[in-house]
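Participant: Take a look and give me a structure for this.
(chains A and B)
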Amino acid sequence: DAGVIQSPRHEVTEMGQEVTLRCKPISGHDYLFWYRQTMMRGLELLIYFNNNVPIDDSGMPEDRFSAKMPNASFSTLKIQPSEPRDSAVYFCASSLRGRGFAGYTFGSGTRLTVV
Amino acid sequence: GEDVEQSLFLSVREGDSSVINCTYTDSSSTYLYWYKQEPGAGLQLLTYIFSNMDMKQDQRLTVLLNKKDKHLSLRIADTQTGDSAIYFCAERGQAGTALIFGKGTTLSVSS
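Facilitator: The predicted structure is shown next:
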């Protein structure tokens, strides 16, 4: 299995531009999570999906952030318009609830820089 | 609410043992986890412990759980320079599936 695949690995954009981050979870996993990592705040859960349905989006910082999961093999996190304070590493993770411990498999992350 | 606390930094010499500590607040946590993050990479599951266990050993790793004090520790025996990374403690409560992570402990190993 190729693991959780995120793209792009790095993104540099200007303030005000739209940014779309992409994630392909592990095949067969029924949960997908988006996290944001910064030095100041550590790892923050933004949103997670179960069977493509958003379950908890209380971590999404503002209306500028939106996430979708149109099918079991693809999810996007969109920021529109982007701001410098959105600069962070964004991780996608997936898991299979049927496994007793439900550990996550993380992607390698997208490093977003908004200038 | 749920919270996971860790010390931010630990520095050890190669060959020594490292102990990384974590406290959590959710007494209903069913599983507790240790993840490792190397530079430029995502988090990798190192080990986990079920809440009805006190200890789990896996090669150089020993996890100790004190459920009464809500304290979790990770001991790395014979620490190597390749163990230098950020280590995250995480808990999963019964109510949901989403893990709550601590801010991570940066382990620096000097030769």
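Participant: And for the residue lying closest to residue A:10 once chain neighbours are set aside, the neighbour number?
Facilitator: The shortest distance from residue A:10 to any non-neighbouring residue, by Cβ to Cβ, 6 or more residues apart in numbering or on different chains, is to residue A:111 (5.0 Å). All C-beta atoms are positioned from the backbone trio N, CA, C, and that covers glycine. Neighbour count for residue A:111, taken as other Cβ atoms under 10 Å in any protein chain shown: 16.
Participant: my guess is residue A:111 contacts residue A:9, does it?
Facilitator: Yes: in this structure, residue A:111 is within contact of residue A:9 by Cβ atoms under 8 Å, at 6.9 Å.
Participant: Compute the number of surrounding residues for residue B:16.
Facilitator: 13.
Participant: quick one, phi/psi of the residue nearest to residue A:10?
Facilitator: The phi and psi values for residue A:111, taken as degrees, to the nearest 10, are phi -90, psi 110.
Participant: does it have beta-bridge partners, and which?
Facilitator: residue A:10, residue A:89 (DSSP bridges).
Participant: Just list the residues touching it, thanks.
Facilitator: Residues in contact with residue A:111 (Cβ atoms under 8 Å, 6 or more residues apart in numbering or on different chains) are A:9-11, A:89.
Participant: What's the PyMOL syntax to select whichever of the residues you listed are buried?
Facilitator: Remark: buried members of these, expressed as a PyMOL selection using 16 or more other Cβ atoms under 10 Å in any protein chain shown:
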select buried, chain A and resi 11+89
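Participant: Throw the contacts of residue A:111 into JSON lines and include pLDDT, thanks.
Facilitator: What follows is these, written out as JSON lines (pLDDT from 0 to 100):
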{"residue": "A:9", "pLDDT": "96"}
{"residue": "A:10", "pLDDT": "97"}
{"residue": "A:11", "pLDDT": "97"}
{"residue": "A:89", "pLDDT": "97"}
